[in-house]
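[1] can you look at this prediction? I've put the sequence above it.
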Amino acid sequence: MQIGRWNHQSGDGSAPAKGAPRRSSRDTDRPSRPYSPRSTGGESAGPRRFGSGRPSGSRSYSSSRPSFGGSRGGARRGGFGTFGETEAEIAKFMNKTVVTTSEPVFVPEHTFADFDINLHLKKNIEARKYVSPTPIQDKAIPHALLGQDVVGLAETGTGKTAAFLIPLIDKVMKQKGERVLIMAPTRELAVQIEKELAGFAKGLGFRGMVAVGGTNITPQIRDLKHDPAFVIGTPGRLKDLLERKALVLTDFGTVVLDEADRMLDMGFIDDMRLILSKMRKERHTLFFSATMGKDIEKLIGDFLESPVIISVKTQDTSKNVEQDVVRIPRGKDKFEILAEMLKDREFSRVLIFGRTKFGVEKLAKALSRLHIHAESIHGNKTYGARIRALEAFKSGKVSALVATDVAARGLDIPAVSHVINYDLPSTYEDYVHRIGRTGRADMKGIALTFVQER
């Protein structure tokens, strides 16, 4: 892939024409075709790729437009709390997938048909076209079926949700009165888990419910009176329901902590401890995380009993994601560069990350004014508005979703062609989770990080 074929034919720095045709959406189940940089015979003032040693465009950009994001230029080094302020850190945004190397193909030990689970559940799995388990599913499901505590460490997009839902649905079917609590860091992830649950549990005669903040708590209290077998919620709202005595956790013998590292990052540790303290001391705990730090290790030691630790992590970032940086020359406007990139048909479904809620909202509106159909998702949006934006992006009604890191973890958005780090992430861990939104399953994806040159 050659970054830089963005129709840089004039030097006036003007924005794309208002009547510019909207690019079409298409299947991205393959790598994007290579770019062909245009030769201009002169020194480029446009963005250039890290380490290329050559220009990749010829347009001279105006810096008269406002910047959008956490800082002027967004990825400016020397800002506070960002990863990517040194050349060594910037190098971590690079991972060319041009050279293909032969790697061992994963061969699962089981098929879904092999598992000793409810026959109706097996039919639902088959109806969803599940045949061979992913590595985390293949290793975790047998232990979960035996009632063992499990710590599952796996990269994003590897099927962790099914790895805990399938054995726990079977458990609910076989153990009368069994109830399951699932904690997730964000509303969107909780809703996604409930949708997966509905698909796997279709026709099995039990229900699940979602308990998340940002929505009316009254319907959730009403739903809890029906004793749903699965309660899926965010720690803050679950704590609210406990305080109102609407949720009684002594009825629950199983708990799942999904994206546990993210819940720690978001400051939910006290809420998590309170919630777990209200459950039975003898419980079945499944713990899933993409990373393993000291805080995670302490959490595991405090909450799990002789867990089986399953790690299928091979590297920090997926090999399906080609990673590169886009250098923004000093004094140039990265918004115009972004807008020109999004005019290219290769950028069919693009997730753009910014650092601040205000900057993300402003950027989405600015793109929409250029007839680049964009939506935003951030913490200031209502729950309903966030879900509508996600659904519009998933369905292809909009081709660009501008988000804060609230969208970086857990969300399963199909066929994201590109992730663009418009603003630098706060940490390398955040970077890993951001770019994990593309290149999921067997698909290929591209991740680009804007870096402001000094």
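    Yep, that arrived. Numbering: from 1, shown residues only.
[2] and the helices in the stretch 201-350 of the chain, which stretches?
    217-224, 235-243, 260-265, 269-277, 294-303, 334-343 (DSSP state H, counting those that start in this stretch).
[3] tabulate those (a markdown table), appending mean pLDDT.
    What follows is the helices of the stretch 201-350 of the chain, written out as a markdown table (pLDDT from 0 to 100):
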| stretch | mean pLDDT |
| --- | --- |
| helix 217-224 | 96 |
| helix 235-243 | 96 |
| helix 260-265 | 84 |
| helix 269-277 | 92 |
| helix 294-303 | 85 |
| helix 334-343 | 92 |
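[4] for those helices, give me JSON lines that also has mean neighbour count.
    For glycine as for every other residue, the C-beta is placed from the backbone atoms N, C-alpha and C. Shown next, in JSON lines, are the helices of the stretch 201-350 of the chain (neighbours: other Cβ atoms under 10 Å):
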{"stretch": "helix 217-224", "mean neighbour count": "15"}
{"stretch": "helix 235-243", "mean neighbour count": "19"}
{"stretch": "helix 260-265", "mean neighbour count": "23"}
{"stretch": "helix 269-277", "mean neighbour count": "16"}
{"stretch": "helix 294-303", "mean neighbour count": "14"}
{"stretch": "helix 334-343", "mean neighbour count": "23"}
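[5] for those, give me JSON lines that also has distance to T438.
    Converted to JSON lines, those look like this (distance: least, Cβ to Cβ, whole Å):
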{"stretch": "helix 217-224", "distance to T438": "33"}
{"stretch": "helix 235-243", "distance to T438": "28"}
{"stretch": "helix 260-265", "distance to T438": "18"}
{"stretch": "helix 269-277", "distance to T438": "29"}
{"stretch": "helix 294-303", "distance to T438": "25"}
{"stretch": "helix 334-343", "distance to T438": "15"}
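[6] ok, which of the ones you listed comes nearest L370?
    L370 sits nearest to helix 334-343 of all the helices of the stretch 201-350 of the chain, at 5.6 Å, using Cβ to Cβ.
[7] not counting its own residues, what contacts the helix or strand following that closest one?
    Counting by DSSP states H and E, the element after helix 334-343 in chain order, helix or strand, is strand 350-353. For strand 350-353, contacts defined as Cβ atoms under 8 Å, 6 or more residues apart in numbering pick out 338, 342, 363, 374, 393, 399-405, 407-408, 413, 416-423, 425, 434, 437-438.
[8] off-centre distance for stretch 186-194?
    12 Å (Cα atoms, centre = their mean, to the nearest Å).
[9] hang on, I meant stretch 362-370
    Using Cα atoms, centre = their mean, the offset of stretch 362-370 from its chain centre is 22 Å.
[10] and it, average pLDDT?
    Stretch 362-370 shows a mean pLDDT of 95 in the predicted model.
[11] wait, E305 touches D149, no?
    Yes. If you go by Cβ atoms under 8 Å, E305 and D149 touch, sitting 5.4 Å apart.
[12] what is in contact with the two at once?
    T285.
[13] G157 is nearest to which of the helices of the stretch 201-350 of the chain?
    Comparison of the helices of the stretch 201-350 of the chain against G157 by Cβ to Cβ identifies helix 260-265 as nearest, at 14.5 Å.
[14] helices or strands up against that closest one?
    Using 3 or more Cβ pairs under 8 Å, 6 or more residues apart in numbering; DSSP states H and E, the elements in contact with helix 260-265 are strand 284-289, helix 294-303, helix 428-435.
[15] tell me which of those sits nearest to H143.
    strand 284-289 (9.2 Å).
[16] please name every helix or strand in contact with that closest one.
    Looks like strand 284-289 contacts strand 150-153, helix 160-174, strand 254-257, helix 260-265, helix 294-303 (3+ Cβ pairs under 8 Å, 6+ apart).
[17] what is the orientation angle of it with helix 294-303?
    Relative orientation of strand 284-289 versus helix 294-303 (axes from the mean of the first three to the mean of the last three Cα atoms, to 10 degrees): 180 degrees.
[18] follow-up on the earlier one: nearest to E155, of the helices of the stretch 201-350 of the chain?
    Of those, the one closest to E155 (Cβ to Cβ) turns out to be helix 260-265, at 12.4 Å.
[19] what's the burial count for K174?
    12 (other Cβ atoms under 10 Å).
[20] can you tell me the closest non-neighbouring residue to it?
    Leaving out its chain neighbours, the residue that sits closest to K174 by Cβ to Cβ, 6 or more residues apart in numbering is N118, at 7.2 Å.
[21] so that neighbour sits against L168, correct?
    No. When contacts are counted by Cβ under 8 Å, N118 is not listed as touching L168 (11.6 Å).
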